[in-house]
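# structure for this input, please:
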Amino acid sequence: MNLFAEIEARVNAALDAMTEAGDLPEGLPRNGVSVEPPRDPAHGDMATNAAMALAKPAKQKPRDVAEKLAAQLREAPEIESAEIAGPGFINLRLDPAAWRRVVKAALQAGAAFGRPDLPADERLKINIEYVSANPTGPLHVGHTRGAVFGDALARLLDFVGHDVTKEYYINDGGAQVDVLARSSYLRYREAHGEAIEIPEGLYPGDYLKPVGAALKEKFGDTLLEAPEDEWLATVREAATDAMMDLIREDLAALGVEMDVYFSEKSLYGGGRIEAALASLEEKGLIYEGVLEPPKGKTPEDWEPREQTLFRSTDYGDDVDRPVKKSDGSWTYFAPDIAYHYDKVERGFDELVDIFGADHGGYVKRMTAAVAALSNNRVALEIKLCQLVKLFKNGMPFTMSKRAGTFVTLRDVLAEVGPDVTRFVMLTRKNDAPLDFDFAKALEQSKDNPVYYVQYAHARICSAMREAARVLGEEAVTPEALAAAPLERLDAEPQWALAKKTAEWPRLLLSAAKAREPHRIAFYLYDLATSFHAHYNEGYENPALRFVQEADREGSQARLALACAARAAIAAGLGVLGVTPVEEMR
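This is a model prediction of the structure:
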């Protein structure tokens, strides 16, 4: 049940009636019409901007439109009052029965509360590619943020009804895997008792020691005297496989499971890059040309070369992009085009790529490529994740000896666990920098959002256990709470909690539409605040306590409200991939 959608439907029905009566012209666009919570709860339960949005195209004054619209809305049974504010906003107050229906709907749906019945023509087949770290070492904290954001976005879009594929692109076709092989080979020699020095340019982390030991176990000493051209491919494959096993373990520890692992290496040698570029060439988008010198280059240090170029400027890019170098080898962009061509050919309606902030330069060229490859049928959205700064008690968190140069995902999980990691990573929008203080993340206070939200869920579970003990198990069954006399809810903290719970279905859809799962973390904190305010009022006013032995029906009504809020919390935490705990230590 989405109460905001129901009231918006009432607004549209009222606008239809005004149009039929000749009070509004035919064909006015309504895409700007909304129904939202007012900024100040004292102004009402909901507010609509319909008169403001339609006045200009209707060539009328906003207040004139608002007067007629408010009169129509007052006839709706769910609406107690419709008052005009400012230049033409309409503030609505709803009949209490509307909020009681929300409570009943949440009780019935449980953790599925808010899930919309998306029409078939609105359900999209969406591919979300995230993490996609080079398979050269363990995941670090930057990858962690991308993994959490991507996974939460995938869960969010799946929850609202889309067909989502979660995908990891294995960058195993470039020079970095050769560097991995050479680094692993040194550890192989070390496993045979040699003292080694790791030169600059190779990977120094201790995480490669087990790879060296595994190479020794598998190949014995047969690779020790072999030239590089004999052992490089063998070691590269073994080391890449070992790193991907490590990465899969890291992701699993974070609660992330991919549907597809796509190898960049598979694009080479089988004509897949050639096929993608042929598709562009058929459209007249591939040509031989010479690019202008890059910014910052002077004529003396710039040597123009003829290259094979993609006419990406036809699709909004700043410059055309090379796909083949003058020596005939592919550029880095060519396999990226082929990979996205493969996604397009798999029939996705929408692609989402989640990159680190340092990949901002890829946005225009990749969106241009996908638009060209799909004839503008498939949308590509690239989300950039900004940096994470780690602190402990206000001091920068030290580097990992195991990794050599960075803090690993496992370091973070060892400090705070997956639930805290996931929630905190979603307390900022993905393109905003994030400060992550381990001490604050474990603090048991209102200032720690993940604790505050989980504590609300646990408190409700605790109240249910107390009610079962005091009132009897039969008093708190789902059937008993569904039949609870909700008219007993009449105090302001109770209405505030019911109204905040009712916002969940609307918030869910807006977060999915904007592709912004952090909105859910913010909402959950606000919902937890409403619940804790109600709970704490019980210390001063015993009539508001959830469980009262002498007031069985009133207790059931209050517990029904609490369980409705619990349903929204559980649904929201589920989208974020965070456990809705039932007890707090």
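
# residue 499 touches residue 38, doesn't it?
No - the pair residue 499 / residue 38 is not scored as a contact, 10.8 Å apart, by C-beta atoms under 8 Å. C-beta coordinates here come from the backbone N, C-alpha and C atoms, glycine included.

# higher neighbour count, those two?
Neighbour count, other C-beta atoms under 10 Å: between residue 499 and residue 38, residue 499 has more, with 19 against 16.

# give me the common contacts of residue 499 and residue 38.
Counting by C-beta atoms under 8 Å, 6 or more residues apart in numbering, the shared contacts of residue 499 and residue 38 are residue 45.

# tell me the domain boundaries of the chain?
3-94, 130-267+386-442, 445-576 (automatic domain parsing).

# among those domains, which is nearest residue 325?
Taking C-beta to C-beta, domain 130-267+386-442 is the member of the domains of the chain nearest to residue 325, at 14.1 Å.

# pLDDT averaged over the closest one - what is it?
The average pLDDT within domain 130-267+386-442 is 93.

# how distant is it from the center of its chain?
In terms of C-alpha atoms, centre = their mean, to the nearest Å, the gap separating the centre of domain 130-267+386-442 from the centre of its chain is 21 Å.

# mind listing the helices for the stretch 351-500 of the chain?
363-373, 409-425, 438-441, 449-471, 478-482, 492-514 (DSSP state H, counting those that start in this stretch).

# what residues does the first one touch?
Looking back up the chat, that one is helix 363-373. Contacts of helix 363-373 (C-beta under 8 Å, 6+ apart): 276, 279-280, 283, 285, 310, 312-318, 321, 333, 336-337, 340-341, 344, 351, 353, 378-380, 382, 384.

# so for residue 292, what's the pLDDT?
Looking at residue 292, the pLDDT reads 81.

# neighbours of the closest residue to it other than its chain neighbours, just the number please.
Excluding the flanking residues, the one nearest residue 292 by C-beta to C-beta, 6 or more residues apart in numbering is residue 319, at 7.3 Å. When counting by other C-beta under 10 Å, one arrives at 13 neighbours for residue 319.

# can you show me the strands along the stretch 301-450 of the chain?
307-310, 321-324, 350-356, 379-385, 388-392, 395-396, 434-437 (DSSP state E, counting those that start in this stretch).

# ok, which of the ones you listed comes nearest residue 514?
Comparing these under C-beta to C-beta, the one sitting nearest is strand 379-385, at 10.7 Å.

# distance of the residue nearest the centre of the chain from residue 517?
In the chain, the residue lying closest to the centroid (C-alpha atoms, centre = their mean) is residue 153, at 2.7 Å. For residue 153, the distance to residue 517 equals 5 Å [C-beta to C-beta, to the nearest Å].

# residue 85 contacts residue 40, correct?
No - if you go by C-beta under 8 Å, residue 85 and residue 40 don't touch, sitting 10.0 Å apart.

# between the two, point out the one with more neighbours.
Taking other C-beta under 10 Å, residue 85 and residue 40 do not tie; residue 85 has more neighbours (14 against 10).

# which non-adjacent residue is nearest the more buried one?
residue 91 is the one closest to residue 85 (C-beta to C-beta, 6+ apart), at 5.3 Å.

# immediately after the strand or helix carrying that neighbour, which helix or strand?
Secondary structure assignment for residue 91, by DSSP states H and E: strand 89-94. The first helix or strand that comes after strand 89-94 along the chain, using DSSP H and E, is helix 96-109.

# the stretch 101-250 of the chain: strands as residue ranges?
125-129, 163-170.

# kindly export the longest one (C-alpha atoms) in PDB.
Going back to what we said before, that points to strand 163-170. This file holds the C-alpha atoms of strand 163-170, laid out as PDB (Å, rounded to 0.1, in the frame of the first residue of the first chain):
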ATOM      1  CA  ASP A 163      15.100  -7.900 -13.500                       C
ATOM      2  CA  VAL A 164      18.600  -7.200 -12.200                       C
ATOM      3  CA  THR A 165      21.900  -8.900 -13.200                       C
ATOM      4  CA  LYS A 166      24.900  -8.200 -10.900                       C
ATOM      5  CA  GLU A 167      28.100  -8.400 -12.900                       C
ATOM      6  CA  TYR A 168      31.900  -8.200 -12.300                       C
ATOM      7  CA  TYR A 169      34.200  -7.500 -15.200                       C
ATOM      8  CA  ILE A 170      37.500  -9.300 -14.700                       C
END
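
# pLDDT below threshold where in the stretch 251-400 of the chain?
296-301, 398-400 (pLDDT under 70).

# residue with max distance from the center of the chain?
residue 225 (49.9 Å).

# and the longest helix along the chain, what's buried?
The longest helix of the chain (DSSP state H) is helix 228-254. Neighbour counts over helix 228-254 (16 or more other C-beta atoms under 10 Å) mark 231-232, 234-236, 238-240, 242-244, 246-247, 250-251, 253-254 as buried.

# by contact count, what packs against the helix or strand following it?
For helix 228-254, the following helix or strand on the C-terminal side (DSSP H and E) is strand 260-263. Applying 3 or more C-beta pairs under 8 Å, 6 or more residues apart in numbering; DSSP states H and E, one finds that strand 260-263 makes contact with strand 163-170.

# would you mark the buried spots in the strand it packs on?
In strand 163-170, counting by 16+ other C-beta under 10 Å, buried: 164, 165, 166, 167, 168, 169, 170.

# distance to residue 61 added to these, as TSV?
Formatted as TSV, the buried residues of strand 163-170 follow (distance: C-beta to C-beta, whole Å):
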residue	distance to residue 61
164	46
165	50
166	51
167	52
168	56
169	55
170	61
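
# re earlier: got the phi/psi numbers for the residue nearest to residue 292?
When read as degrees, to the nearest 10, the backbone of residue 319 gives phi -140, psi 160.

# contacting residues for it?
291, 292, 312, 313.

# make JSON lines out of these and add distance to residue 564 and neighbour count.
What follows is the contacts of residue 319, written out as JSON lines (distance: C-beta to C-beta, whole Å; neighbours: other C-beta atoms under 10 Å):
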{"residue": "291", "distance to residue 564": "61", "neighbour count": "15"}
{"residue": "292", "distance to residue 564": "62", "neighbour count": "10"}
{"residue": "312", "distance to residue 564": "51", "neighbour count": "25"}
{"residue": "313", "distance to residue 564": "54", "neighbour count": "14"}
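
# can you tell me which two in those residues are farthest apart?
It's 292 and 312 that sit farthest apart of those, by C-beta to C-beta, at 14.1 Å.

# next, work out how far apart the nearest residue in space to residue 444 that is not next to it in sequence and residue 226 are.
Distance criterion C-beta to C-beta, 6+ apart; nearest residue to residue 444, sequence neighbours excluded, is residue 451 at 5.4 Å. Per C-beta to C-beta, residue 451 is found 56 Å from residue 226.

# ok, those two, which is more surrounded?
More crowded of residue 451 and residue 226, by other C-beta under 10 Å: residue 451, with 22 against 14.
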